[in-house]
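Chemist: Show me how the following folds:
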Amino acid sequence: MTFETLLIFAGFLTIACIIPGPGVITLLSRTLGSGWSAGMAFLIGITLGDLIFVTLAFLGMAALAESMGDLFQWIKWAGAAFLVYMAYQLVTSKGESFDFQKDKSTSSAFVDVTSGLLLTLGNPKPLIFYAAIMPQVLDVTQITYAEFSMVLATVVFVLFAVCCTYIWIATKAARFFSDQKMQKRLSQGSGAVLLGTATWVAFKA
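Modeler: Below is the predicted model:
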(Lines give C-alpha, C1' and ligand atoms only; values in the text may rest on other atoms or scores of the structure.)
Protein backbone atom coordinates (compact mmCIF):
# COMPACT_ATOMS: atom_id res chain seq x y z
CA MET A 1 0.00 0.00 0.00
CA THR A 2 1.42 3.36 -1.03
CA PHE A 3 0.90 6.76 0.54
CA GLU A 4 -1.03 7.75 -2.60
CA THR A 5 -3.62 5.01 -2.15
CA LEU A 6 -4.02 5.85 1.54
CA LEU A 7 -4.50 9.50 0.63
CA ILE A 8 -7.16 8.59 -1.94
CA PHE A 9 -8.96 6.48 0.65
CA ALA A 10 -8.83 9.38 3.11
CA GLY A 11 -10.20 11.69 0.43
CA PHE A 12 -13.19 9.46 -0.29
CA LEU A 13 -13.91 9.12 3.41
CA THR A 14 -13.63 12.87 3.98
CA ILE A 15 -16.18 13.54 1.25
CA ALA A 16 -18.57 11.04 2.83
CA CYS A 17 -18.08 12.56 6.30
CA ILE A 18 -18.63 16.19 5.38
CA ILE A 19 -22.19 15.50 4.20
CA PRO A 20 -24.30 16.02 7.35
CA GLY A 21 -26.58 13.09 8.12
CA PRO A 22 -28.52 11.85 11.15
CA GLY A 23 -25.32 10.86 12.93
CA VAL A 24 -23.74 14.30 12.57
CA ILE A 25 -26.96 16.07 13.55
CA THR A 26 -27.30 13.91 16.67
CA LEU A 27 -23.66 14.55 17.49
CA LEU A 28 -24.18 18.30 17.27
CA SER A 29 -27.32 18.10 19.41
CA ARG A 30 -25.50 16.18 22.12
CA THR A 31 -22.60 18.65 22.07
CA LEU A 32 -24.66 21.83 22.17
CA GLY A 33 -27.11 20.41 24.67
CA SER A 34 -24.81 18.60 27.07
CA GLY A 35 -21.35 19.97 26.39
CA TRP A 36 -18.14 19.09 24.59
CA SER A 37 -17.48 15.96 26.65
CA ALA A 38 -20.85 14.44 25.71
CA GLY A 39 -20.19 15.16 22.05
CA MET A 40 -16.74 13.62 22.18
CA ALA A 41 -18.09 10.49 23.88
CA PHE A 42 -20.77 10.20 21.21
CA LEU A 43 -18.12 10.67 18.51
CA ILE A 44 -16.05 7.87 20.02
CA GLY A 45 -19.07 5.59 19.68
CA ILE A 46 -19.55 6.58 16.04
CA THR A 47 -15.88 5.94 15.36
CA LEU A 48 -16.00 2.49 16.97
CA GLY A 49 -18.94 1.62 14.73
CA ASP A 50 -17.04 2.71 11.63
CA LEU A 51 -13.97 0.70 12.67
CA ILE A 52 -16.16 -2.39 12.96
CA PHE A 53 -17.64 -1.73 9.53
CA VAL A 54 -14.29 -1.14 7.82
CA THR A 55 -12.92 -4.35 9.35
CA LEU A 56 -15.93 -6.36 8.19
CA ALA A 57 -15.67 -4.83 4.72
CA PHE A 58 -11.96 -5.62 4.51
CA LEU A 59 -12.40 -9.23 5.61
CA GLY A 60 -15.27 -9.71 3.19
CA MET A 61 -13.43 -8.19 0.25
CA ALA A 62 -10.25 -10.18 1.00
CA ALA A 63 -12.23 -13.43 1.09
CA LEU A 64 -13.95 -12.60 -2.20
CA ALA A 65 -10.67 -11.67 -3.88
CA GLU A 66 -9.04 -14.95 -2.87
CA SER A 67 -12.01 -17.11 -3.90
CA MET A 68 -12.90 -15.35 -7.16
CA GLY A 69 -9.44 -14.58 -8.53
CA ASP A 70 -9.62 -12.55 -11.74
CA LEU A 71 -13.41 -12.40 -11.48
CA PHE A 72 -12.95 -10.05 -8.51
CA GLN A 73 -12.45 -7.30 -11.08
CA TRP A 74 -16.22 -7.35 -11.57
CA ILE A 75 -16.64 -6.60 -7.87
CA LYS A 76 -14.34 -3.60 -8.27
CA TRP A 77 -16.37 -2.34 -11.22
CA ALA A 78 -19.59 -2.76 -9.21
CA GLY A 79 -18.05 -0.75 -6.38
CA ALA A 80 -16.98 1.99 -8.79
CA ALA A 81 -20.51 2.09 -10.22
CA PHE A 82 -21.92 2.47 -6.71
CA LEU A 83 -19.61 5.41 -6.02
CA VAL A 84 -20.72 7.09 -9.24
CA TYR A 85 -24.34 6.49 -8.20
CA MET A 86 -23.64 8.11 -4.83
CA ALA A 87 -22.11 11.09 -6.61
CA TYR A 88 -25.16 11.39 -8.89
CA GLN A 89 -27.50 11.41 -5.89
CA LEU A 90 -25.47 14.17 -4.25
CA VAL A 91 -25.21 16.33 -7.37
CA THR A 92 -28.98 16.11 -7.98
CA SER A 93 -29.86 16.51 -4.30
CA LYS A 94 -32.33 19.23 -3.38
CA GLY A 95 -31.01 19.31 0.15
CA GLU A 96 -32.47 18.00 3.36
CA SER A 97 -34.33 19.91 6.01
CA PHE A 98 -33.17 18.96 9.49
CA ASP A 99 -35.15 19.80 12.60
CA PHE A 100 -32.10 20.78 14.59
CA GLN A 101 -32.78 21.25 18.29
CA LYS A 102 -30.50 21.33 21.27
CA ASP A 103 -30.61 18.20 23.41
CA LYS A 104 -30.78 19.28 27.04
CA SER A 105 -30.67 15.75 28.48
CA THR A 106 -27.67 14.57 30.45
CA SER A 107 -26.17 11.10 30.46
CA SER A 108 -22.99 9.26 31.31
CA ALA A 109 -20.05 8.93 28.96
CA PHE A 110 -20.79 5.22 28.66
CA VAL A 111 -24.34 5.92 27.49
CA ASP A 112 -23.12 8.47 24.93
CA VAL A 113 -20.46 6.10 23.55
CA THR A 114 -22.99 3.27 23.35
CA SER A 115 -25.55 5.52 21.68
CA GLY A 116 -23.06 6.60 19.02
CA LEU A 117 -22.02 3.00 18.43
CA LEU A 118 -25.58 1.70 18.11
CA LEU A 119 -26.59 4.59 15.86
CA THR A 120 -23.75 3.75 13.48
CA LEU A 121 -24.30 -0.01 13.53
CA GLY A 122 -27.99 0.55 12.86
CA ASN A 123 -27.17 2.27 9.58
CA PRO A 124 -25.84 -0.11 6.87
CA LYS A 125 -24.72 2.70 4.54
CA PRO A 126 -21.20 2.99 6.02
CA LEU A 127 -20.61 -0.73 5.53
CA ILE A 128 -21.76 -0.51 1.91
CA PHE A 129 -19.54 2.52 1.39
CA TYR A 130 -16.44 0.81 2.77
CA ALA A 131 -17.16 -2.33 0.77
CA ALA A 132 -17.37 -0.22 -2.38
CA ILE A 133 -14.31 1.95 -1.85
CA MET A 134 -11.76 -0.44 -0.38
CA PRO A 135 -11.27 -2.63 -3.49
CA GLN A 136 -10.77 0.51 -5.58
CA VAL A 137 -7.78 1.90 -3.68
CA LEU A 138 -6.37 -1.02 -1.66
CA ASP A 139 -5.01 -4.39 -2.68
CA VAL A 140 -7.04 -6.39 -0.18
CA THR A 141 -5.10 -9.58 -0.96
CA GLN A 142 -1.66 -8.09 -0.26
CA ILE A 143 -2.24 -5.64 2.57
CA THR A 144 -0.36 -6.39 5.80
CA TYR A 145 -1.56 -6.01 9.38
CA ALA A 146 0.63 -2.93 9.74
CA GLU A 147 -0.87 -1.36 6.62
CA PHE A 148 -4.40 -2.20 7.74
CA SER A 149 -3.62 -0.52 11.06
CA MET A 150 -2.77 2.59 9.04
CA VAL A 151 -6.16 2.33 7.33
CA LEU A 152 -7.91 2.16 10.71
CA ALA A 153 -5.86 5.11 11.96
CA THR A 154 -6.88 7.06 8.86
CA VAL A 155 -10.54 6.36 9.58
CA VAL A 156 -10.14 7.63 13.15
CA PHE A 157 -8.24 10.74 12.01
CA VAL A 158 -10.74 11.69 9.29
CA LEU A 159 -13.80 11.16 11.49
CA PHE A 160 -12.39 13.22 14.34
CA ALA A 161 -11.06 15.96 12.06
CA VAL A 162 -14.35 16.42 10.21
CA CYS A 163 -16.72 15.97 13.15
CA CYS A 164 -14.73 18.18 15.51
CA THR A 165 -14.70 20.87 12.84
CA TYR A 166 -18.48 20.57 12.54
CA ILE A 167 -18.85 20.86 16.31
CA TRP A 168 -16.73 24.01 16.34
CA ILE A 169 -18.68 25.56 13.46
CA ALA A 170 -22.00 24.66 15.08
CA THR A 171 -21.12 26.55 18.24
CA LYS A 172 -20.62 29.62 16.04
CA ALA A 173 -23.53 29.21 13.64
CA ALA A 174 -25.94 26.35 14.40
CA ARG A 175 -28.40 27.51 11.73
CA PHE A 176 -25.95 26.44 9.04
CA PHE A 177 -26.89 22.80 9.59
CA SER A 178 -30.63 23.36 9.31
CA ASP A 179 -30.54 25.55 6.20
CA GLN A 180 -31.79 23.56 3.21
CA LYS A 181 -30.02 25.71 0.62
CA MET A 182 -26.68 25.24 2.36
CA GLN A 183 -27.29 21.50 2.51
CA LYS A 184 -28.00 21.47 -1.22
CA ARG A 185 -24.80 23.34 -2.08
CA LEU A 186 -22.74 21.15 0.21
CA SER A 187 -24.19 17.95 -1.27
CA GLN A 188 -23.72 19.12 -4.86
CA GLY A 189 -20.14 20.21 -4.26
CA SER A 190 -19.28 16.95 -2.52
CA GLY A 191 -21.01 14.96 -5.25
CA ALA A 192 -19.04 16.68 -8.00
CA VAL A 193 -15.74 15.91 -6.27
CA LEU A 194 -16.81 12.33 -5.58
CA LEU A 195 -17.87 11.82 -9.19
CA GLY A 196 -14.54 13.04 -10.54
CA THR A 197 -12.52 10.94 -8.10
CA ALA A 198 -14.68 7.84 -8.59
CA THR A 199 -14.35 8.12 -12.37
CA TRP A 200 -10.57 8.40 -12.13
CA VAL A 201 -10.37 5.39 -9.83
CA ALA A 202 -12.67 3.37 -12.10
CA PHE A 203 -10.49 3.99 -15.15
CA LYS A 204 -7.36 3.25 -13.13
CA ALA A 205 -8.86 -0.07 -12.00
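
Chemist: so who does Val54 touch?
Modeler: Neighbouring residues of Val54 by C-beta atoms under 8 Å, 6 or more residues apart in numbering: 130, 134, 151-152, 155. In this view, the C-beta of every residue, glycine as well, is placed from N, C-alpha and C.

Chemist: quick one: which helix or strand includes it?
Modeler: helix 36-68 (DSSP states H and E).

Chemist: How about Thr14?
Modeler: Residue-wise, Thr14 maps onto helix 3-17 under DSSP H and E.

Chemist: And the next helix or strand past the host helix or strand of Trp77?
Modeler: Assigned by DSSP H and E, Trp77 belongs to helix 72-91. Sequence-wise, the next helix or strand downstream of helix 72-91 (DSSP H and E) is helix 109-121.

Chemist: For that next one, which residues meet the burial criterion?
Modeler: For helix 109-121, burial by neighbour count (16 or more other C-beta atoms under 10 Å) applies to 112-117, 119-121.

Chemist: can you give me phi and psi for Pro124?
Modeler: Pro124 adopts backbone torsions of phi -70, psi -10, taken as degrees, to the nearest 10.

Chemist: picking up where we left off before, name the helices or strands packed onto the helix holding Thr14?
Modeler: Applying 3 or more C-beta pairs under 8 Å, 6 or more residues apart in numbering; DSSP states H and E, one finds that helix 3-17 contacts helix 125-137, helix 145-172, helix 180-204.

Chemist: what's the next secondary structure element after it?
Modeler: Immediately after helix 3-17, counting by DSSP H and E, sits helix 22-34.

Chemist: now that following helix and helix 3-17, what's the angle there?
Modeler: Interaxial angle, helix 22-34 versus helix 3-17 (axes from the mean of the first three to the mean of the last three C-alpha atoms, to 10 degrees): 70 degrees.

Chemist: Many thanks, I have nothing further to ask.
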